[in-house]
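1. sequence and predicted structure are below.
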Amino acid sequence: MNLQQEKKLTFKRLIQSVAGFYNIQIKNITGTRRKKDFVKARQIVAYLAREKLKKSFPAIARTLGGRDHTTAIYSYHKIKGKIEREEGFKKEIENILSVNYDIERKKDNIAKIKFSTQ
């Protein structure tokens, strides 16, 4: 059973799944640090939020650390292009969506994240 079938996919669950897949804390996806691993995860979240949840770029940017909407647009196009070019990366994205990583058991407080309503 994949993430979309088991539970309704939400922005929170999407962030949790990406964080769990890459074994990083949620605060690093929604924060401002620019470490390569965090940026990649953040860009994947932006892409999936747009593709799967149909979120607006401003809403994505606000949720992912209060960035400018053009950063979310850049992230979306970067990940989309990489998926089109690299079959292995496409499978990686599919794996993120197919497995529900339960990161809530870790002491990472997702309740503190401010999610945009758009």
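-> Thanks, I have it. Numbers count the residues shown, from 1 in each chain.
2. pLDDT weak spots in this structure?
-> 1-7, 100-118 (pLDDT under 70).
3. so which residue is smack in the middle of it?
-> residue 45 (1.9 Å; CA atoms, centre = their mean).
4. torsion angles phi and psi at that residue?
-> phi -60, psi -40 (degrees, to the nearest 10).
5. contact partners for it?
-> By CB atoms under 8 Å, 6 or more residues apart in numbering, residue 45 lies in contact with 14-15, 18, 29, 60, 64. All C-beta spots, glycine's among them, are computed from the backbone N, C-alpha and C.
6. could you identify the most distant pair in the residues you listed?
-> 18 and 60 (12.9 Å; CB to CB).
7. where do the helices sit along the protein?
-> Ranges of helices within the chain are 3-6, 11-22, 26-30, 36-53, 57-63, 69-85, 87-98, based on DSSP state H.
8. return the set of buried residues in the last one.
-> For helix 87-98, the buried set under the neighbour-count rule, 16 or more other CB atoms under 10 Å, comprises 93, 96-97.
9. and that helix, how far from the chain's centre?
-> How far helix 87-98 lies from its chain's middle: 13 Å, per CA atoms, centre = their mean, to the nearest Å.
10. kindly report the same for the third one.
-> Relative to the chain's own centre, helix 26-30 is displaced by 9 Å; criterion: CA atoms, centre = their mean.
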